[in-house]
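Asker: Task: produce atomic coordinates for the following.
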Amino acid sequence: MGAANKVPGVSGGIVAFVWGFYERFISSLKKMDLHAFTLLRHGKFREFKQYTDFVFLGYLVMGMVFSYFSVSKILDYFLKTRELYVWSVFFGMIVGSVYYISKSFGGWNSRNRSFGLLGLILGISISFLSPAQENNHWLFVFFCGMISVSGMTLPGLSGSFILMLMGNYVLLLVESVNALFDTLTEIVRLEFGFVHDTARLDALFTLGIFTLGSVVGLITLSHFIGYLLKRYHDQTTASIIGFITGSLGVVWPWKEADYLYDAAGNVVTDSYLQPVVIQFTRYIPKLNDAQNLWALVFILSGIALLVILERYGAQKK
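Answerer: From the prediction side, this is the model:
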């Protein structure tokens with residue numbers, strides 16, 4: 001999930017959904033409620049662990065942290081040097097996931113097909129939206145935080161991609177994160193001049209509001225989705241399948257990027273020094289190009305990888 005969340009347009013929630021622990025993940029997040037904090041406050045750690053499925057969440061978080069220092073670093077390298085092939089593998093994996101999820105879903109009646117179609121239309125629509133203008137009002141930043149966690153709770157919806165559409169990707173994931181990194185670096189050096197830097201303090205305040213919104217969004221979205229899965233399981237699943245299918249346009253391997261430029265005409269980069277993309281122009285590849293043929297091989301490899309992982313998961317059930 002950690003590696004998938006780092007790829008713009010790819011949702012970590014897809015990993016949870018395809019590999020069969022999505023509903024458990026949502027259920028665990030739902031348990032992070034007032035009762036859970038009451039158990040913690042009274043020192044009832046064993047009850048807290050059992051109530052929240054804390055061991056499961058702990059392994060998941062450790063996996064994401066490990067991914068940040070290992071898998072995702074490798075992924076960053078290949079995105080810089082072999083971008084077409086990376087997108088091809090992810091495209092193949094998502095195609096394979098749609099096939100297997102649809103195959104295992106036995107509720108394809110007329111009503112559920114309608115929900116699947118709505119999800120498909122929504123996924124396609126989001127894929128082709130144009131970015132809005134930046135807005136640093138604290139209420140909008142808080143709302144951005146709530147939306148940004150969608151990649152973890154809604155399969156097929158990339159949080160970073162949504163922030164790009166809302167116009168605040170640079171403000172929240174580049175400028176604010178860089179401000180935090182600079183501040184922590186100065187604190188380590190025992191330098192505290194940033195307390196007089198109004199722009200720095202504004203950026204840190206913005207990041208704090210964004211983080212608060214993310215926490216609130218993670219809890220509220222998990223409760224909402226948990227309710228839908230409990231009351232309208234088949235309709236929700238059908239909508240997710242349709243949405244994942246519609247989001248394939250975001251990870252289409254053959255596309256040309258339009259980058260974001262600052263006032264001086266320089267390409268803006270994120271906290272990983274990657275150029276910030278505001279939109280993609282997609283095209284149909286020519287099959288007489290060896291690179292495109294290799295991309296097709298990687299798409300098939302992505303599908304094969306999904307098949308192997310799905311069979312491994314089935315054996316463990």
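Asker: buried set for the longest helix along the chain?
Answerer: The residue-count maximum for a helix in the chain (DSSP state H) belongs to helix 198-231. Within helix 198-231, the residues that qualify as buried are 200, 203-204, 206-207, 209-211, 213-214, 217-219, 221-222, 225-226, 228-229, counting by 16 or more other Cβ atoms under 10 Å. For glycine as for every other residue, the C-beta is placed from the backbone atoms N, C-alpha and C.
Asker: can you check stretch 187-196 too?
Answerer: By 16+ other Cβ under 10 Å, the buried positions in stretch 187-196 come out as F194.
Asker: now stretch 19-37
Answerer: For stretch 19-37, burial by neighbour count (16+ other Cβ under 10 Å) applies to 19, 21-23, 25-32, 36.
Asker: Relative to Y85, which of those is nearest.
Answerer: Relative to Y85, the closest of the buried residues of stretch 19-37 is W19; by Cβ to Cβ it sits at 22.7 Å.
Asker: What's the separation between the closest one and F91?
Answerer: W19 sits at a distance of 18 Å from F91 (criterion: Cβ to Cβ, to the nearest Å).
Asker: ok, now H233?
Answerer: H233 sits 28 Å away from F91, going by Cβ to Cβ.
Asker: F192 too?
Answerer: Separation of F192 from F91 (Cβ to Cβ): 48 Å.
Asker: What's the mean pLDDT across stretch 208-216?
Answerer: For stretch 208-216, mean pLDDT is 89.
Asker: contact partners of it?
Answerer: When contacts are defined by Cβ atoms under 8 Å, 6 or more residues apart in numbering, stretch 208-216 is touched by residues W138, V141, F142, F143, C144, G145, M146, S148, V149, L172, S176.
Asker: how far does it sit from the chain's center?
Answerer: 16 Å (Cα atoms, centre = their mean, to the nearest Å).
Asker: Dump that stretch to PDB, restricted to CA.
Answerer: Taking C-alpha atoms only, stretch 208-216 is exported to PDB below (Å, rounded to 0.1, in the frame of the first residue of the first chain):
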ATOM      1  CA  GLY A 208      -1.000  21.300  10.600                       C
ATOM      2  CA  ILE A 209      -4.500  22.100   9.400                       C
ATOM      3  CA  PHE A 210      -4.000  19.700   6.500                       C
ATOM      4  CA  THR A 211      -2.800  16.900   8.800                       C
ATOM      5  CA  LEU A 212      -5.800  17.500  11.100                       C
ATOM      6  CA  GLY A 213      -8.200  17.200   8.200                       C
ATOM      7  CA  SER A 214      -6.500  14.000   7.100                       C
ATOM      8  CA  VAL A 215      -7.000  12.400  10.500                       C
ATOM      9  CA  VAL A 216     -10.700  13.500  10.600                       C
END
